[in-house]
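S.K.: return a 3D structure for these sequence lines:
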Amino acid sequence: MINTEELLERARGLEFEPGQPTHQSISNWLGGIIAEGLLSPGTRLPAERVFAQAMDVSRMTLRQGLDTLLHEGRIVRAVGSRGGSFVAETRVPVDISNLMGLSAQLLKSVHSASSKILSARTIPADRAVAEALQLAVGDPVHRIHRVRFAAATPVVLEESYFPAELFPGLPERNLGGSIYAVMGEGYGLAPFSSVEELNPAVAGAENARHLEIGPTTAVLGIKRTGLARDGRPVEYSEDLIRTDRLKIMVSGRSTE
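M.R.: Okay, the predicted model is just below:
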């Protein structure tokens, strides 16, 4: 591990790669140090003015290099008196095409995974939910709203809907673990496949409070319809994912 002073010393001796934009050389150099694990997650980088002076570049050039690392998820920025640029926590890989379940995937990379139920009740289906679940508008559905945690960090905000006729009594069950397990073991209707739509989104004030991020933070929105083996829709979910903490992956296979 190296500290801030050692990082600045390395910056003073940085030799830029010929034929490559200076900001790209900076991002490659600093990204390499982070990838090697020489800077602990949460380490605060030197102030931009000091960092730029050490490299003998303009603050604008340095900022371009840092922006690249920000977009790659290698660093994060905070504002205010304690703000600055920080080495990002290691992102946990999650394959959204894998119906193993989020908890099982998280436990491959972190020591604990848990859920907090925000609400679990039966409501009339609105048009979007009814269309996804192939129901009539107003038909009863169970709405389960919960936060998923990787260790102690909230990483996913789930808003899931299930046809009440297929899952009687679901809101009264223990939903702190895998809901898919409950659907399979209790009702014989665990999702066999899913259709997912991915969209960029901004957290917003209420969602940000649950995810412990700023209200203007970019997140990944996923709309998912889970299908039983016979093709019936059994779940419709609208999730918000913290991509600064989860590395979203999609696996596939050849059909040939």
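
S.K.: name the helix or strand of the chain that has the lowest mean pLDDT.
M.R.: In the chain, no helix or strand scores lower on mean pLDDT, DSSP states H and E than helix 102-106, which sits at a mean of 75.

S.K.: who is residue 199 paired with across the strands?
M.R.: Beta-bridge partners recorded for residue 199 (DSSP bridges): residue 221.

S.K.: who's in contact with the residue nearest to residue 177 when sequence neighbours are not counted?
M.R.: Spatial nearest neighbour of residue 177, chain neighbours left out: residue 103 (6.3 Å); criterion: Cβ to Cβ, 6 or more residues apart in numbering. Every residue, glycine included, has its C-beta placed from N, CA and C. By Cβ atoms under 8 Å, 6 or more residues apart in numbering, residue 103 lies in contact with 113-115, 148, 177-178.

S.K.: any stretches of the stretch 51-200 of the chain with poor pLDDT?
M.R.: Counting by pLDDT under 70, the stretch 51-200 of the chain shows low-confidence ranges at 81, 99-100, 107.

S.K.: go again with 80.
M.R.: 73, 78-83, 89-92, 96-112 (pLDDT under 80).

S.K.: tell me where it has strands.
M.R.: 75-78, 84-87, 92-95, 113-124, 140-150, 153-163, 193-202 (DSSP state E, counting those that start in this stretch).

S.K.: for the first one, packing partners?
M.R.: Okay, so that is strand 75-78. Applying 3 or more Cβ pairs under 8 Å, 6 or more residues apart in numbering; DSSP states H and E, we find strand 75-78 packed against helix 59-71, strand 84-87.

S.K.: note down every partner strand of that strand and its orientation.
M.R.: strand 84-87 (antiparallel).

S.K.: now swap in the longest one and tell me
M.R.: Strands flanking strand 113-124 in the sheet, each with its direction: strand 140-150 (antiparallel) (DSSP bridges).

S.K.: quick one, the strand it pairs with and strand 153-163 angle?
M.R.: Angle, strand 140-150 to strand 153-163, by axes from the mean of the first three to the mean of the last three Cα atoms, to 10 degrees: 160 degrees.

S.K.: list the buried ones in strand 140-150?
M.R.: 141-144, 146-150 (16 or more other Cβ atoms under 10 Å).

S.K.: do the same with stretch 63-79
M.R.: With burial defined by 16+ other Cβ under 10 Å, the residues of stretch 63-79 counted as buried are 63-66, 68-70, 73-76.

S.K.: mind putting those residues in JSON lines, distance to residue 168 included?
M.R.: Converted to JSON lines, the buried residues of stretch 63-79 look like this (distance: Cβ to Cβ, whole Å):
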{"residue": "63", "distance to residue 168": "57"}
{"residue": "64", "distance to residue 168": "57"}
{"residue": "65", "distance to residue 168": "57"}
{"residue": "66", "distance to residue 168": "54"}
{"residue": "68", "distance to residue 168": "52"}
{"residue": "69", "distance to residue 168": "50"}
{"residue": "70", "distance to residue 168": "48"}
{"residue": "73", "distance to residue 168": "42"}
{"residue": "74", "distance to residue 168": "48"}
{"residue": "75", "distance to residue 168": "49"}
{"residue": "76", "distance to residue 168": "44"}
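
S.K.: and which of those residues is nearest residue 46?
M.R.: Comparing the buried residues of stretch 63-79 against residue 46 with Cβ to Cβ picks out residue 66 as the nearest, at 11.0 Å.

S.K.: from what I see, that closest one and residue 75 are in contact.
M.R.: Yes - contact status for residue 66 versus residue 75: in contact at 6.5 Å, counting by Cβ atoms under 8 Å.
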